[in-house]
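Peer 1: Need coordinates for the below:
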Amino acid sequence: MAVVIIFGFALARRPTGGPGRCERLITHPSSYRSVNVIIAGAGEVGYYTARSLYSEGWEVAIVDSDHAAADRAEALDALVVRGNAASTQKLEEAGIKDAQTFIAVTAVDEVNIVACSVAKGYGVNTIARINSPDYIDRPVSTDRLKLLGIDVAICPDLVAAHKIVRILMEPPALLESDVFAKGRIKVIQVTPGEHAPVLRTAIRDIAWPRGANLAAIFRKGEVIVPHGADAILPGDRIVVVGDDESIHDIQKMLDIAHRKGGEEEPIQKVMIGGATRIGVNVAKLLERDVSVVLFEPDQELAEAASAQLGGVLVIQGEPTDRDLLIEEGITSADAFIGATPVEGKNILSCLLAKRLGASSTIALIDQVELVDLLHNVGIDLATSPRIATVNTLLQYTHRSEDLLSLAVMQQGEARVLEMVVTPGSKVAGRTLKRAGLPANTIISAIVRGEQIVIPHGDTELEVGDTMVIFARTEAIPKLKKII
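Peer 2: Numbers count the residues shown, from 1 in each chain. Have a look, this model is predicted:
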């Protein structure tokens, strides 16, 4: 079993309960030798990372100096150590001598750097969240901070910016998607349109395009791994796996609205509300190929953004100013992105932009629970930088010879994993129906050399196959043992 340690600072939260089993265990660290991961920081990113790992069967320790955040973390039944994440004493209380991975996600870059440097002295793998451009200029770095004891450095704002641009520029446009098998396989989440012919039809009677497969149905918070007799109902959000060609055909099957001008036409004009680091980096990534307008009410931030973005029109003004949006051509915008630091303003500006004629809207949000709600009221895509960061952290925490990457879905209730069949795998040489896969698991696609295979019960798994697997979270421990 792997070990992970997470450190960090957090916003104050109301305590969820009194001292529990985990706090008492601190006085007996030898009884908690099986800790896999230590996390420095029990803020939103640290908490969700810990919860995701714990739900998969990992043993997690959390170090944080904020008592309210530590109280909240104790609800996970994790080992919680209260104190400075960069303290050798606190790390040893958390089990650093036996841990495999240390994750530093406090709100302070320098604390994360020092904590990783200390943890590296114990021989563990280290992952740090780093925000400042003084230290990192790419979404993920595996080399620049090695001398400081950091094996993997992740910049949340750049991770989120690159994801937004990929969703904007790559087909299928404006769908929540993740990429697997070096870009050959896409996994999209989408709610079928009200006129989609697949609605209320048994899945076994749906003629999915070649190279595509239905992996899951999300219905009112429930995760359904579908069977032939199941049907897609209005309001369901579904997960579909496929290559570019099949995903393109699925958009038509699912009655997914395209931006004006047709789905084949590249975007030409994007408007962004907010000169945050995410907003500025999205503009920077787009400015060579797309006409970009950025709105920022703060004069100093607007001037700083203008100095960085030579090919972008930066306007000092509110992204919720109706007259200003119309004046700058919102009616001809292919996409509007709400990227201010205020979640509510992002939602309102997107709703306004959509009403005024923007083809598509993307809102940056903090509360993952809002994703489905916002889609239902007219926002095309709600994305959370925190969840994008958690996904990236988990990818590097899990990365091994047979597990290449993963994505977390439905508020942590489900996973998509990219796994390789190795010579020692129990499934090598077996057909799917005899592979012994746990319930609530489906191998949605297989990449075999240059071929993409949508498997069925009699498909035999071969050494070297790359599998894209959808699974409910509780099935992950058994799945990893089998594969």
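Peer 1: What ranges does the stretch 301-450 of the chain have for its strands?
Peer 2: In the stretch 301-450 of the chain, the strands defined using DSSP state E, counting those that start in this stretch lie at 313-315, 335-338, 361-364, 381-383, 403-409, 414-420, 441-448.
Peer 1: What is the burial count for residue 434?
Peer 2: 13 (other Cβ atoms under 10 Å). In short, each C-beta sits where N, CA and C put it, glycine included.
Peer 1: got the contact list for the residue nearest the centre of the chain?
Peer 2: Nearest residue to the geometric centre of the chain (Cα atoms, centre = their mean): residue 388, 3.3 Å. If you count contacts by Cβ atoms under 8 Å, 6 or more residues apart in numbering, residue 388 has them with 156, 159, 160, 163.
Peer 1: quick one: pLDDT of the second one?
Peer 2: Spelled out, that is residue 159. Residue 159 carries a pLDDT value of 92.
Peer 1: I'd say it and residue 138 touch.
Peer 2: No. In this structure, residue 159 is not within contact of residue 138 by Cβ atoms under 8 Å, at 9.6 Å.
Peer 1: Among these two, which residue is more densely surrounded?
Peer 2: residue 159 (21 against 13).
Peer 1: In which helix or strand does that one reside?
Peer 2: In this assignment (DSSP states H and E), residue 159 forms part of helix 156-169.
Peer 1: and that helix, which residues are buried?
Peer 2: 156, 157, 158, 159, 160, 161, 162, 163, 164, 165, 167, 168 (16 or more other Cβ atoms under 10 Å).
Peer 1: Format those as JSON lines; extra columns: distance to residue 288.
Peer 2: Below are the buried residues of helix 156-169 laid out as JSON lines (distance: Cβ to Cβ, whole Å):
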{"residue": "156", "distance to residue 288": "24"}
{"residue": "157", "distance to residue 288": "20"}
{"residue": "158", "distance to residue 288": "17"}
{"residue": "159", "distance to residue 288": "21"}
{"residue": "160", "distance to residue 288": "20"}
{"residue": "161", "distance to residue 288": "15"}
{"residue": "162", "distance to residue 288": "15"}
{"residue": "163", "distance to residue 288": "19"}
{"residue": "164", "distance to residue 288": "16"}
{"residue": "165", "distance to residue 288": "11"}
{"residue": "167", "distance to residue 288": "18"}
{"residue": "168", "distance to residue 288": "14"}
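Peer 1: Name the SS class of the nearest residue to residue 88 once chain neighbours are set aside, please.
Peer 2: Nearest non-adjacent residue to residue 88, counting by Cβ to Cβ, 6 or more residues apart in numbering: residue 118, 5.9 Å away. Per DSSP: H, G, I helix; E, B strand; the rest coil, the local secondary structure of residue 118 is helix.
Peer 1: circling back to that earlier point, got the contact list for the helix holding residue 159?
Peer 2: Taking Cβ under 8 Å, 6+ apart as the rule, helix 156-169 contacts 45, 129, 131, 136-140, 173-177, 179, 266-267, 270, 276-278, 281-282, 285-286, 289, 335, 337, 362, 364, 381, 383, 385-386, 388-389, 392.
Peer 1: Which helix or strand in this protein has the lowest average pLDDT?
Peer 2: helix 21-25 (a mean of 35; mean pLDDT, DSSP states H and E).
Peer 1: could you say what helices and strands the helix or strand following that helix packs with?
Peer 2: Next helix or strand after helix 21-25 toward the C-terminus (DSSP H and E): strand 37-40. Applying 3 or more Cβ pairs under 8 Å, 6 or more residues apart in numbering; DSSP states H and E, one finds that strand 37-40 contacts strand 3-7, helix 44-55, strand 59-64, strand 101-104, helix 109-120.
Peer 1: follow-up on the earlier one: and which of the contacts of residue 388 is nearest to residue 38?
Peer 2: Nearest to residue 38 among the contacts of residue 388: residue 156, at 19.8 Å, using Cβ to Cβ.
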